[in-house]
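Visitor: Just need the structure, nothing else, for what follows:
(chains A and B)
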Amino acid sequence: MAQIFHRSTNTISKVTIYGSIFIITGLGYLIFAVNQSAYYTDVNVARQQPVPFSHKHHVTDDGIDCRYCHTTVEKSYFAGIPTTHICMSCHSKLWLNASMLEPVRASYATDRSLEWTRVNALPDFVYFNHSIHVNKGIGCTTCHGPIGEMPLTYRANTLYMRWCISCHKHPERYVRRREDVFKADYVPPRDQLALGRQLVKEYKIKEPRIITDCYTCHR
Amino acid sequence: MSTQPKPGETLDLVQIQTKLERSPQKRVWRGLEELAGTPEYRDFVECEFPHDPRAEAKGVNRRDALKLMGASAALAGLTACTKLPTEKIVPYAQQQPEDFVPGHPLFYATAMPLGGYASGLLVESHMGRPTKVEGNPSHPASLGTANIFAQASVLNLYDPDRAQVVVYRGRIGDWSTFLTSMDQLTAEIMARKGEGFRILTGTVTSPCLADQLRSLLALYPQAKWHQYESAGRDMVREGAKLAFGEYVNAVYHFDRAEVIVALDADFLFVGPGAVRYAHDFSDKRRVTGPDSTMNRLYAVESTPTITGAMADHRLPLRAGEVEAFARALADGLGAKSAGNGIAAPAGVPAGWLAALVGDLNKHRGACLVIAGEHQPPIVHALAHAMNDALGNVGQTIHYTEPVEANPVNEMASLQELVADMQAGRVNTLLMLGVNPVYTAPADLRFGQHLRSVGTRIHLSQYEDETAELCHWHLPEAHFLETWGDVRAYDGTTSIIQPLIAPLYDGKSAHEILAVMARQPGATAHEIVKQYWQRQNPGADFDLFWETSLNDGVVANSTLAAKSVKLSAGLAGETAKPASQSAGTLEIVLRPDPSIGDGSFTNNGWLQELPKPFTKLTWDNAALVSPMTAQKLGVYNGNIVKLSAYGQSVEAPIWIAPGQADDSLTLHLGYGRSRAGHVGNGVGFNAYLLSTSENRWIGNAEVQKTGKTYNLVSTQHHHIMGKEGEEREEDTVAAMQRKLVRTATLEEFRKNPDFAREKDYEIYGPTLYENYSYTGNAWAMSIDLNSCIGCNACLIACQSENNIAVVGKDEVSRGREMHWIRVDAYFEGDLENPAVYNQPVPCMHCETAPCEYVCPVGATVHSPEGLNEMVYNRCVGTRYCSNNCPYKVRRFNFELFSDWTTQSLMLQRNPDVTVRSRGVMEKCSYCIQRINRVKIAAEEAGRVIQDGEIVTACQQTCPTQAIVFGNINDMNSRVTKLKKQSRNYGFLTDLSTRPRTTYLAKLRNPNPEIKE
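Guide: The predicted model follows:
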């Protein structure tokens, strides 16, 4: 009876068996890479908006405070997207003929809302609250990144749970003075850890055991 | 539980009765199936979810199981790989409303008309969507709490089956055509001076609507206004008229009554003042220690009701015999007008009446006799005479002018309308918010006569049975969509203010009446506001209007007490109770305890709500006593044919321990053909057996059909312990775990520690590390002495926590999703058992058995002692539920939440995750409410005040039986309650250390009555 398998089969099977380690590892890495990629996380991807709004211009060039537009950031879980009325408080005087602002003027004239595309989104089972973070000394740029340098707004962080937890476990690494919370050009001091530890105490930030409790964010 | 007896099968009730008598102690039981130890019952004891025949039919073998496991393991990960969908944020364009903070709910005061009377409400609005109803603390009929109907009303608002368009002759029409058509029609009516023009409404208490109707009648002098409310209060009104010669309204003060006699009266649940009465009644039973006193309630009733279950002495008596009982009682009390020397009916135990008379006489001026809404006028008149004789008038009861704008005998009013329709004297009939084709007594044949009316116009929220027969059907605005006004049980007026613009361009009765008065285009807001401006012409009207809207009540609108004079003669022949010829039984018709008279038939929350004591869902049944069932040879689910007055219906039997013998109770509201997708074809239509003469109490011939029907009751679902065990020693052991702990007030005074078990403390020994709770430690106390079992907590929880409706089929498998359930236990014999209600939410055990068995850490413990359920981690092993001794965990076997119907999404609470398939869920102590307050307190740098966090069940509880709070705060209410000697936990022998504990139930029986 003739051999069913050719001799080369030995080599092929050896390569396959030993290679499987690399194949599986490679596949694992691929999944991880996709999971971390901008394609999947939308990090650094500027979203299409009805008006090409520039935070860089409004925050850095004009020096407008975050709270001028995001009015409820200190009161509610939702920071608030400005009503067209707020846009028009300046743009009824400035750039009256800019074609770029036509949707804003149309919205105000017709009382039809502008539909902004959400940039920083969380799954529906996560309940993030802006006001408590702002009140406890977590700055805007800690999560939203260099917002003052964004011509078009993009997501600066993955907003993955492990990213949230990294701060909830070590708030002292990120917390800043309350008066610095809305500073877009804030640079943490060299002795951030020393300052952080002091602020954690001062602002009565709960210990990690409590703020990493599931019901803090999930319900 | 699904009970599908084989034809001819019945339970041996004699054997059950013997077993109960042989029991060493007074045995506590859940149902007849338990006592008989049926296989279906054992299924529910042994497995949490009984054997599913569907799984067997599919025949999954080992190989398929492995394949499925492999595939699910491989695919489970992939489901997490969906990218977040792109969302839009849509801010306001011009100016956003005042005080509006996106993310913070706003609360508006309004009122719900129910049967014409007001329930004062505060409605929560998220971004313009009303999502949750609460009671209005400044409204006298609510005091901050609400009943099931108010709680569920928000679901009706978003019901996709609501009438959405104008229908003209069966085709979609529009408002402008309607207006044009009415312009012509009203011109004709005007020319005829209103001859042949009739208006039919429900009971009207609305001052503004009444004013409109009066001016309409002035415009068309020959037109007529008829009123007919399907579950109306004719008997109450006619009773008062019989007693006092005029229509008066009686307001009771249970907070001043030491002894109460309820004559077939379910005053804790039925009637415009029920929520307030339940509050006042239970306040008089609140026990803080051995020095406390309790009121005493005697209930004489034909069917087990919420009020009867609270009674210290309950007597089952056929509804037709209550009059004889009332006469005997009145005679005993010396109420002269009642007649002399009247004997009590045969069913009353010797000495009962004398003891009752003695007790009432001892508490003259501090007692109360109250007659049921469905008892004939004479019983009401006798009750008034007794209260008068006992000196209660001005003390525990006061009288006022009627609340109704134009009180009439509604049955007579409807009869007149039907007679005129029959005689061809009606050519235009306008029906506002009523469904008489379904709700009118069968003998009137309303539907048939309606066809002879030239133009039939119908305004209602659903395209119902009446709409089908009308030329014009107009969609009616829900009370949360429009303006109006309405009065409460004591006359207090509320302005109804809308929270949302009409979803389907619905109009209110005000607007339709304006059209008929040839003032088309007037909006409900203008009509109502202008009416009130005419009442308050002063310069401060704006202040008055704003204040009334803000408070939810119109200041000083409560009716003043009025003195009345009892008419002389109430003596007369006692109506003979229904003759008991062979095969004929008394039938008692009642609005359903879940869906009312049929106005909530299409409400899934209420359909799935287990009814008190029977725990039936998704059906009505003919309730019979165990002995009558034995006599008829029928058992649960056997269909009988009930024939009365030339009509017959087929109804399944349900044996209700405590039901009066030879009396059947049939609940209205079912058997509808045009209720909507939820309510169509559910149950049988008991209205077919009502006649204008015998509207509530009648006679029917009962015949067995040999057919059976699958009734679904949750009574044996989620059983704790092993009450079903056959061996005697096991039964005793199960009883020793004592889920139900009760005593009489006297026993409690002698032994205040009766509820504390000797062997097991709530904080008994444990093998697990003792965790110290340094911050808040949340806990709940449920006072079983206050709980009346009204189910309001259940619907409030469903509404607050986005709990899905699963349907009858799933309920029969034990898969209902309610996070809090109300267990009913019976104690004593089958004829008249004592009934105990126990609301059971999650116990939030400190050493929770569920937590140790979760393989993925989806249920964990919080530093504040909450037992947390994390949906996004749950993979659905159901180990936790299996290991939960309290059976409070609920699993999404299917995609139970409706993820597709747009209108239902508007109702959802945005602060609670909508669960998907394959996820476990359970009571979270309303974590969204805890977190909201916690964050606010953190930001303000203050501590959380006691009472600041209120769970949904607690907030709506009319008797305030549920108290939530922090047990690390020594001064909190919950800590104080848990320090009471009546405090006990469930199954503490398991060392679970439950955070939810109970206060034992007390009764206050009359020592002169031996039972």
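
Visitor: Return the distance of residue B:900 relative to residue B:618.
Guide: 22 Å (Cβ to Cβ, to the nearest Å). Using the backbone N, CA and C atoms, a C-beta is placed for each residue, glycine as well.

Visitor: So if I had to pick from those two, which one is more boxed in?
Guide: residue B:618 (23 against 8; other Cβ atoms under 10 Å in any protein chain shown).

Visitor: can you pull the contacts of the more buried one?
Guide: Going by Cβ atoms under 8 Å, 6 or more residues apart in numbering or on different chains, residue B:618 touches B:607-608, B:682-683, B:712, B:807-808, B:811.

Visitor: who touches residue B:358 in this structure?
Guide: Residue B:358 sits next to residue B:1008 when contact means Cβ under 8 Å, 6+ apart.

Visitor: interface residues of the stretch 801-950 of chain B facing chain A?
Guide: B:860, B:862-864, B:866, B:868, B:870-873, B:911-914, B:924, B:927-928, B:931, B:935, B:938-939, B:941 (Cβ under 8 Å from any Cβ of the partner chain).

Visitor: so which helix or strand takes in the residue of the stretch 551-700 of chain B at minimum distance from chain A?
Guide: Nearest to chain A in the stretch 551-700 of chain B, going by Cβ to the nearest Cβ, is residue B:605, at a distance of 21.0 Å. Assessed by DSSP states H and E, residue B:605 sits inside helix B:604-608.

Visitor: follow-up on the earlier one: in strands only, show me the residues of the stretch 801-950 of chain B next to chain A.
Guide: Judged by DSSP state E, strands contain the following of these: B:860, B:868.

Visitor: among the residues of the stretch 801-950 of chain B next to chain A, which ones are buried?
Guide: Burial by neighbour count, 16 or more other Cβ atoms under 10 Å in any protein chain shown: within these this picks out B:860, B:862-864, B:866, B:868, B:870-873, B:911-914, B:924, B:927-928, B:931, B:935, B:938-939.

Visitor: mind listing the strands for the stretch 101-250 of chain B?
Guide: B:106-114, B:117-126, B:129-135, B:167-168, B:171-172, B:197-201, B:224-227, B:249-252 (DSSP state E, counting those that start in this stretch).

Visitor: May I see the buried residues of the third one?
Guide: Along strand B:129-135, these residues count as buried under the neighbour rule (16+ other Cβ under 10 Å): B:129-135.

Visitor: Distance to chain A and pLDDT added to the residues you listed, as TSV?
Guide: Putting these into TSV (distance: Cβ to the nearest Cβ, whole Å; pLDDT from 0 to 100) gives the following:
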residue	distance to chain A	pLDDT
B:129	15	93
B:130	19	95
B:131	16	95
B:132	16	95
B:133	21	95
B:134	20	95
B:135	24	95
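
Visitor: between the residues you listed, which is nearest residue B:531?
Guide: Proximity of the buried residues of strand B:129-135 to residue B:531 (Cβ to Cβ) peaks at residue B:130, which lies at 24.4 Å.

Visitor: where in chain A is pLDDT low?
Guide: Chain A contains residues with pLDDT under 70 at A:1.

Visitor: Show the pLDDT at residue B:828.
Guide: With respect to pLDDT, residue B:828 scores 85.

Visitor: That one reaches residue B:834, doesn't it?
Guide: Yes. At 5.5 Å, residue B:828 counts as touching residue B:834 under the criterion of Cβ atoms under 8 Å.

Visitor: Of the two, which one has the most company?
Guide: The residue with more neighbours, out of residue B:828 and residue B:834 and counting by other Cβ under 10 Å, is residue B:834; that gives 21 against 18.

Visitor: Leaving out the residues flanking it, which one is nearest to the more buried one?
Guide: Residue nearest to residue B:834 in three dimensions, not counting chain neighbours: residue B:827, with 4.5 Å by Cβ to Cβ, 6 or more residues apart in numbering or on different chains.

Visitor: and that neighbour, backbone torsions?
Guide: phi -140, psi 130 (degrees, to the nearest 10).

Visitor: Quickly list what it is bridged to.
Guide: Counting by DSSP bridges, residue B:827 is bridged to residue B:28, residue B:834.

Visitor: That one against residue B:742, yeah?
Guide: Yes. Using Cβ under 8 Å, residue B:827 is in contact with residue B:742, at 7.5 Å.

Visitor: between the two, what contacts are shared?
Guide: Common contact partners of residue B:827 and residue B:742 (Cβ under 8 Å, 6+ apart): B:834, B:836.

Visitor: Looking at these two, which one has more neighbours?
Guide: Shown here are residue B:827 and residue B:742; by other Cβ under 10 Å, residue B:742 has more neighbours (21 against 16).

Visitor: and that one, what does it touch?
Guide: Taking Cβ under 8 Å, 6+ apart, we find residue B:742 in contact with B:827, B:834, B:836, B:1000-1003.

Visitor: Heading C-terminal from the helix or strand that residue A:197 is a member of, find the next helix or strand.
Guide: If you go by DSSP H and E, residue A:197 is part of helix A:192-202. Using DSSP H and E, the helix or strand that follows helix A:192-202 in sequence is helix A:208-211.

Visitor: in that following helix, what's buried?
Guide: In helix A:208-211, counting by 16+ other Cβ under 10 Å, buried: residue A:211.

Visitor: now for that helix, which elements pack on it?
Guide: Here helix A:208-211 touches helix A:161-169, going by 3 or more Cβ pairs under 8 Å, 6 or more residues apart in numbering or on different chains; DSSP states H and E.

Visitor: If you count contacts, what does the helix it packs on end up packed against?
Guide: helix A:208-211.

Visitor: which residues are contacting the helix it packs on?
Guide: Contacts of helix A:208-211 (Cβ under 8 Å, 6+ apart): A:168-171, A:205, A:216, B:775, B:863.

Visitor: redo that, cut-off 7 Å
Guide: A:168-169, B:863 (Cβ atoms under 7 Å, 6 or more residues apart in numbering or on different chains).

Visitor: Check stretch A:2-9 too.
Guide: Stretch A:2-9 has contacts (Cβ under 7 Å, 6+ apart) with no other residue.

Visitor: which bits of chain A sit near chain B?
Guide: A:40, A:72, A:75-78, A:80-85, A:107-108, A:111-113, A:115-118, A:121, A:123-125, A:127, A:129, A:131-132, A:135, A:209-210, A:213-215, A:218-219 (Cβ under 7 Å from any Cβ of the partner chain).

Visitor: List buried members of those residues by neighbour count.
Guide: Among those, the ones that count as buried by 16+ other Cβ under 10 Å are A:72, A:75-78, A:80-85, A:107-108, A:113, A:116, A:121, A:125, A:127, A:129, A:131-132, A:135, A:213-215, A:218-219.

Visitor: Show me the residues you listed that map onto helices.
Guide: Cross-referencing these against helices under DSSP state H gives A:84-85, A:107-108, A:131-132, A:135.

Visitor: Adding distance to residue B:182, write these out as a markdown table.
Guide: Shown next, in a markdown table, are these (distance: Cβ to Cβ, whole Å):
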| residue | distance to residue B:182 |
| --- | --- |
| A:84 | 41 |
| A:85 | 41 |
| A:107 | 39 |
| A:108 | 40 |
| A:131 | 53 |
| A:132 | 56 |
| A:135 | 58 |
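
Visitor: and the residue nearest to residue B:834, how far is that from chain A?
Guide: Distance of residue B:827 to chain A, computed by Cβ to the nearest Cβ, to the nearest Å: 39 Å.

Visitor: Tell me if I'm right that that residue and residue B:28 touch.
Guide: Yes. Using Cβ atoms under 7 Å, residue B:827 is in contact with residue B:28, at 4.9 Å.

Visitor: Which element, helix or strand, includes the residue of the stretch 251-400 of chain B found nearest chain A?
Guide: Per Cβ to the nearest Cβ, residue B:275 is where the stretch 251-400 of chain B lies closest to chain A, at 29.4 Å. Counting by DSSP H and E, the element that carries residue B:275 is helix B:274-283.
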